[in-house]
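A.B. asks: Sequence unavailable; structure follows:
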C-alpha cells in the first residue's frame, strides 16, 4: 500500500505512512489542508495498493442524508411499494457493503444533518435505513474525509464529536523542490519556466493583497499555457506573463479593501519572481511578498518576454 502511494506522489512520505498506518489500524481519517495538495491522489494510490475500492463523494450544501445513504426509486414505489429491490443505494451504503474507502471531499461544506449520519456509522459501523433495514459495514470499510481550512469561503466548523471519531492528518503545501518536480512530471513544452512558475504560485500564498493563493496546479497550467502560446507567438512576446494571468487570475482571491485588481497583483508577482533568484528551498516555505523581491524603483518589466 505504501509503495503504491510513494510511486504516485512526489514527496509526502510522512503523510503516506501515517495515513496508511491509521487505515491499517482500522481508523477513519480526516485530511485537513488547502486544495491542490494531493489528498485525492494519495487516497487513490493507497486504495489501489490495499486492493480496496474508493467511493468518491463531493461534499457540498446539497449533500442530503438521502443522497448519501440512498433512496427508494419513486417510479417503482407506485407499482411495487417499499421493497429491497426498489432501493437505490447511495455512496455510503455502496462503500459499506463493498468494504471500500468512502472519500468525502470538502467535509466542512456538508450540512449538519448529513454529518450526523456519518457520526452514527463511525460509532456503530452500521446504518439503520428506514423502510430498508440495517446495513452493516464490511471489515475494510473506512471513512476518509478531506476539508479545507475553516476560514475558506463557504466552510463551517466540524463538530468535536467527528474529530473524536477520526484521526486527523494535516496536509500542507510541499517544498519548492517537490513542487518543481510535480510540474516537471506533466511539463508540456515550457520547461524553462518551471522554476519561475512555481515561485510565482508560492508567492501568491503569502502576498499581502491576496486572501487565497494558488496550489501547484496553477504552476502546471502556467507552463502548459506558455508552451502553447509560444507556438502562436514565435517572438515570445509576453508569453510568461499572459500564461500567469490566464492560469492564476481565477485561482487567487484579492483581499477585501485592496485597491488593486487581481491582474495587477499577478503581473507584479510575475515580474518580481522572474527577476529574482530562487530563495533557499525549505519545506513548506513560500517566496515572500512580491513587493519585497525588488528594491523600490527597480520594478522593471524584466520578465515580460519570458
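C.D. replies: Nice, thanks for sending it over. Keep in mind it's a predicted model, so treat the numbers as computed, not measured. Numbering: from 1, shown residues only.
A.B. asks: Contacts for the helix-or-strand element of the chain with minimal mean pLDDT, please.
C.D. replies: One helix or strand of the chain scores below all others by mean pLDDT, DSSP states H and E: helix 74-80, with a mean of 75. The contact list for helix 74-80, computed with CB atoms under 8 Å, 6 or more residues apart in numbering, reads 85, 86. Placement of C-beta: from N, CA and C, glycine included.
A.B. asks: List the buried residues in the helix or strand following that helix.
C.D. replies: Note on helix 74-80: by DSSP states H and E, the next helix or strand toward the C-terminus is strand 87-89. For strand 87-89, a neighbour-count test (16 or more other CB atoms under 10 Å) marks 87, 89 as buried.
A.B. asks: What strands line up against strand 87-89, and which way round?
C.D. replies: strand 70-72 (antiparallel) (DSSP bridges).
A.B. asks: quick one: the partner strand to chain centroid distance?
C.D. replies: Relative to the chain's own centre, strand 70-72 is displaced by 29 Å; criterion: CA atoms, centre = their mean, to the nearest Å.
A.B. asks: how close does residue 168 sit to residue 53?
C.D. replies: According to CB to CB, to the nearest Å, residue 168 stands 24 Å off from residue 53.
A.B. asks: Report the central residue of this protein.
C.D. replies: The chain has residue 35 as the residue nearest its centroid, 3.1 Å off, counting by CA atoms, centre = their mean.
A.B. asks: Contacts only, for it.
C.D. replies: So residue 35 contacts 148, 215 (CB under 8 Å, 6+ apart).
A.B. asks: got it, and residue 93?
C.D. replies: Neighbour list for residue 93: 69, 70, 127, 129, 135 [criterion: CB under 8 Å, 6+ apart].
A.B. asks: Among those residues, which ones are in helices?
C.D. replies: Judged by DSSP state H, the contacts of residue 93 include residue 69 as members of helices.
A.B. asks: right, and out of the contacts of residue 93, which lies closest to residue 87?
C.D. replies: residue 70 (6.1 Å; CB to CB).
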